[in-house]
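Undergrad: Okay, structure incoming, though there's no sequence with it:
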């Protein structure tokens, strides 16, 4: 039952249930087995059929997302992996802990391949997604006839004699609509300028993503990673799972609307369901598309970022790197909306 104010007031809902948790609410829990054993999680349900699970021990990343009983995200063969089961500090160790899921935060000092830069070694996609959040707050409250849930916390990427970057993250949902609002405030709490790289690795999977899916974007320019020749419109062509398929990564510069906002939509008319993700161009000017239609690895990654996933040295040498001065902050807002077509 949808518990929005257009159908039922707060009073009418509470007449019908002993606790609002019957319909919507957030709960903390702990995984008890497998590679994820000991991982702290937060489950959120908003009464519209939307349910998500947040990983407290991994930067408050969102592991999975279901809507009206359907899983919308790709879960890798790894599943959810606890931090102590892999090492993301160098090489491709990040892949051993990559469970897929709705959103994995990449950065904050490297996005893309492992690199050595200025005598420092950086692993694939950086460290931040393996860092547990602290000062976690879980709020549930009524505001008139709308029931709100909000999770917040902070994750710190730091080193003695080195960096001190902090994400202050808030994830908010309410009972009126199947929408996730994410706000990140990233602060350089060191006394030296720091190169900042961040990419939101959002992973859509079956049944939302299939050969029946349509990606709707308005690109000003698109290029294939590595500079290979690209067939016109190949980025929007999807197939059934193919044995031996090699991933393709596209870099899109999207056309903003009049409010300087960017967005993409992924729709599946067979399911009559879709998603729309919206953000500010000034905050995240690039969209990386990861098309992986292999067997088992059948996923469409649509990843807003402040840089392309090419490694910190290549981004810096290209002149498009972003820096935070000491105690400077960057605010990022993402809106993830589930659609009934």
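TA: Happy to help now that I have it. Remember, it's a predicted structure, so these values are computed and weren't measured experimentally.
Undergrad: show me what contacts the residue most central in space within the chain?
TA: In the chain, the residue lying closest to the centroid (C-alpha atoms, centre = their mean) is residue 103, at 2.5 Å. Residues near residue 103 by C-beta atoms under 8 Å, 6 or more residues apart in numbering: 61-62, 182, 200-203. For every residue, glycine as well, the C-beta is placed using N, CA and C.
Undergrad: Return the closest of the residues you listed with respect to residue 279.
TA: Of all the contacts of residue 103, residue 279 sits closest to residue 200, with 8.5 Å by C-beta to C-beta.
Undergrad: Residue 182 contacts residue 336, correct?
TA: Yes - here residue 182 reaches residue 336: they are 7.3 Å apart, a contact under C-beta atoms under 8 Å.
Undergrad: before we move on, back to that, from the contacts of residue 103, which two are the most distant?
TA: The span of the contacts of residue 103, defined through C-beta to C-beta, is set by 182 and 203 at 15.1 Å.
Undergrad: so residue 316, which of the three states?
TA: The three-state label given to residue 316 by DSSP: H, G, I helix; E, B strand; the rest coil is helix.
Undergrad: So what's the residue count around it?
TA: Per other C-beta atoms under 10 Å, the neighbour tally for residue 316 reads 17.
Undergrad: Against residue 118, how distant is it?
TA: For residue 316, the distance to residue 118 equals 10 Å [C-beta to C-beta, to the nearest Å].
Undergrad: got it, and residue 94?
TA: For residue 94, the distance to residue 118 - C-beta to C-beta - is 21 Å.
Undergrad: Neighbour count for those two, which is higher?
TA: Between residue 94 and residue 118, counted using other C-beta under 10 Å, the more crowded position is residue 94 (22 against 7).
Undergrad: is it true that the more buried one touches residue 113?
TA: No - contact between residue 94 and residue 113 fails when scored by C-beta under 8 Å: they sit 10.4 Å apart.
Undergrad: circling back to that earlier point, ok, residue 182 and residue 203, which is more surrounded?
TA: Using other C-beta under 10 Å, the more surrounded residue of residue 182 and residue 203 is residue 203, with 25 against 19.
Undergrad: what bridges to the more buried one?
TA: residue 301 (DSSP bridges).
Undergrad: can you pull out the strands in the stretch 51-200 of the chain?
TA: Assigned by DSSP state E, counting those that start in this stretch, the strands in the stretch 51-200 of the chain fall at 61-67, 70-71, 103-108, 115-117, 120-122, 134-143, 146-158, 164-174, 177-188, 194-204.
Undergrad: Check the gap between the nearest residue to residue 192 once chain neighbours are set aside and residue 42 for me.
TA: Counting by C-beta to C-beta, 6 or more residues apart in numbering, residue 192 lies nearest to residue 326, which is 6.5 Å off, once chain neighbours are set aside. Distance, residue 326 to residue 42, using C-beta to C-beta: 33 Å.
Undergrad: Among these two, which residue is more densely surrounded?
TA: Between residue 326 and residue 42, counting by other C-beta under 10 Å, residue 42 is the more crowded of the two (22 against 13).
Undergrad: Quick check: which element contains that one?
TA: Using DSSP states H and E, residue 42 maps to strand 40-45.
Undergrad: which helices and strands sit right next to that strand?
TA: Strand 40-45 is packed against strand 25-30, strand 50-55, strand 146-158, with contacts defined by 3 or more C-beta pairs under 8 Å, 6 or more residues apart in numbering; DSSP states H and E.
Undergrad: Dump those strands into TSV; add distance to residue 192 and mean neighbour count as well.
TA: Putting the helices and strands packed on strand 40-45 into TSV (distance: least, C-beta to C-beta, whole Å; neighbours: other C-beta atoms under 10 Å) gives the following:
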stretch	distance to residue 192	mean neighbour count
strand 25-30	37	14
strand 50-55	30	23
strand 146-158	12	19
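Undergrad: between these, which one is nearest to residue 270?
TA: Nearest to residue 270 among the helices and strands packed on strand 40-45 is strand 50-55; the distance by C-beta to C-beta comes to 20.3 Å.
Undergrad: Take the helices and strands packed on strand 40-45 and write them to TSV, including distance to residue 74.
TA: Converted to TSV, the helices and strands packed on strand 40-45 look like this (distance: least, C-beta to C-beta, whole Å):
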stretch	distance to residue 74
strand 25-30	22
strand 50-55	14
strand 146-158	23
